[in-house]
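**Student:** would you be able to build a 3D model of this:
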Amino acid sequence: MSRTLSVHGSRHPYTPGHFRGISARADLAYRDVMGLFGRLRRHRPAAGGRLALPQDVAHLEAFARSRPGVEAYVEPRTAVTETTVVLVASTGEWTRRRVAGPRAAHDLGRRLGIPVYDAQVVGYPRRMREWTRRRREADSLD
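**Tutor:** Numbering: from 1, shown residues only. Modelled structure (predicted):
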């Protein structure tokens, strides 16, 4: 796989590792090894996290069916946790659970007939923060 490449007006043969100063053979070996690790990393849960369980989905379904005006907010996978969904009721009460991924979150919303939003884009509703504040105040009085 040798091509001719013009560099500073002169013509040089180009091989895959040419600009890194390594041979084409070493470059291909590097790609094979890094590709292997990349494939392994894609299928592991986030560090310290766990994959979504059927109980997580069951909890989300029960929450959505037992409260009025529920909306779903999808939170992206991070280095610490897998993709999660926050369900927020019209009262501000909320719950968070892991899901298998963004597509699973949207499928859950479609199945339950609730709107699904990307939390990174739209943020969280004010009623959620107010409900959390009220809970903290009530807990501090006890």
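
**Student:** where does pLDDT dip in the chain?
**Tutor:** Along the chain, segments meeting pLDDT under 70 span 1-49.

**Student:** for it, which segments are assigned as strands?
**Tutor:** Secondary structure of the chain by DSSP state E: the strands cover 3-7, 10-14, 71-75, 84-88, 94-98, 116-118.

**Student:** tell me which stretches of the chain form helices.
**Tutor:** Using DSSP state H, the helices found in the chain span residues 24-42, 54-66, 102-112, 119-122, 126-141.

**Student:** show me what the second one is in contact with.
**Tutor:** Outside of helix 54-66, the residues that reach it under the criterion C-beta atoms under 8 Å, 6 or more residues apart in numbering are 70, 72, 85, 87, 89, 95, 97-99, 108, 112, 114. Any C-beta I mention is one placed from the backbone N, CA and C, and that applies to glycine too.

**Student:** let's see 10 Å
**Tutor:** Helix 54-66 is contacted by residues 50, 52-53, 70-72, 82, 84-89, 93-100, 104-105, 108-109, 111-114 when judged by C-beta atoms under 10 Å, 6 or more residues apart in numbering.

**Student:** also the third one?
**Tutor:** The set of residues that contact helix 102-112 without belonging to it, under C-beta under 10 Å, 6+ apart, is 52, 57, 60-61, 63-65, 70-77, 83-87, 97-101, 114-118.

**Student:** quick check: buried residues in it?
**Tutor:** For helix 102-112, burial by neighbour count (16 or more other C-beta atoms under 10 Å) applies to 102, 104-106, 108-109, 112.

**Student:** got the contact list for Arg134?
**Tutor:** Going by C-beta under 10 Å, 6+ apart, Arg134 touches Gly92.

**Student:** quick one: it from Gly69, how far?
**Tutor:** Distance, Arg134 to Gly69, by C-beta to C-beta, to the nearest Å: 17 Å.

**Student:** out of the contacts of helix 54-66, which end up buried?
**Tutor:** Neighbour-count burial (16+ other C-beta under 10 Å) applied to those gives 52, 70-72, 82, 84-89, 93-95, 97-100, 104-105, 108-109, 112, 114.
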